[in-house]
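A.B. asks: for reference, the sequence and a predicted model appear below.
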Amino acid sequence: MRFLSQNGVNQFEVVGGSFVVDKIPEGFDTVTLIRVLYDHDDAVVAALLRKVYEALPKAGRIIISEPMSGGQSPIRSADSYFGFYTMAMSTGCPRSPKTHEVFLREAGFKKIKKHKGTREFVTQVISAYK
């Protein structure tokens, strides 16, 4: 979706497609992935992050917000719930912020930052720059 503002009028342009088979549209300075990555296996996540990196301009930003595992220090409610969820869906898994950082670095992103939230057992936020 593209947000446009012309003559004080706010508009959105919707761009359809599949991030698995299609290119990510260019011309955006920020791409958000909200509750996307944990639903997919590692190969799909790695390919998607590379596509986002390629689509972003220099200094473009990615924002990821989704359930994340506690990694070495599990978040009991979140790790259990989202672990069962992805097991039932038979794809994906909740990943720790450190694992997200590895995927982002492998795609080429820098300045990776995990943002502090108030309900991290529900969702966590990470941003990074091209």
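C.D. replies: Cool, got the structure.
A.B. asks: hey, where'd the helices end up in the chain?
C.D. replies: 42-55, 76-89, 97-107 (DSSP state H).
A.B. asks: those helices: which one's closest to residue 122?
C.D. replies: With C-beta to C-beta as the criterion, residue 122 lies closest to helix 76-89 of the helices of the chain, at 7.0 Å. Using the backbone N, CA and C atoms, a C-beta is placed for each residue, glycine as well.
A.B. asks: mind listing what residue 61 touches?
C.D. replies: 29-31, 127-130 (C-beta atoms under 8 Å, 6 or more residues apart in numbering).
A.B. asks: how much space separates the closest residue to it other than its chain neighbours from residue 55?
C.D. replies: Residue nearest to residue 61 in three dimensions, not counting chain neighbours: residue 30, with 4.7 Å by C-beta to C-beta, 6 or more residues apart in numbering. Going from residue 30 to residue 55 by C-beta to C-beta, to the nearest Å gives 11 Å.
A.B. asks: more neighbours: which of those two?
C.D. replies: With neighbours defined as other C-beta atoms under 10 Å, residue 30 and residue 55 compare such that residue 55 has more, 17 against 12.
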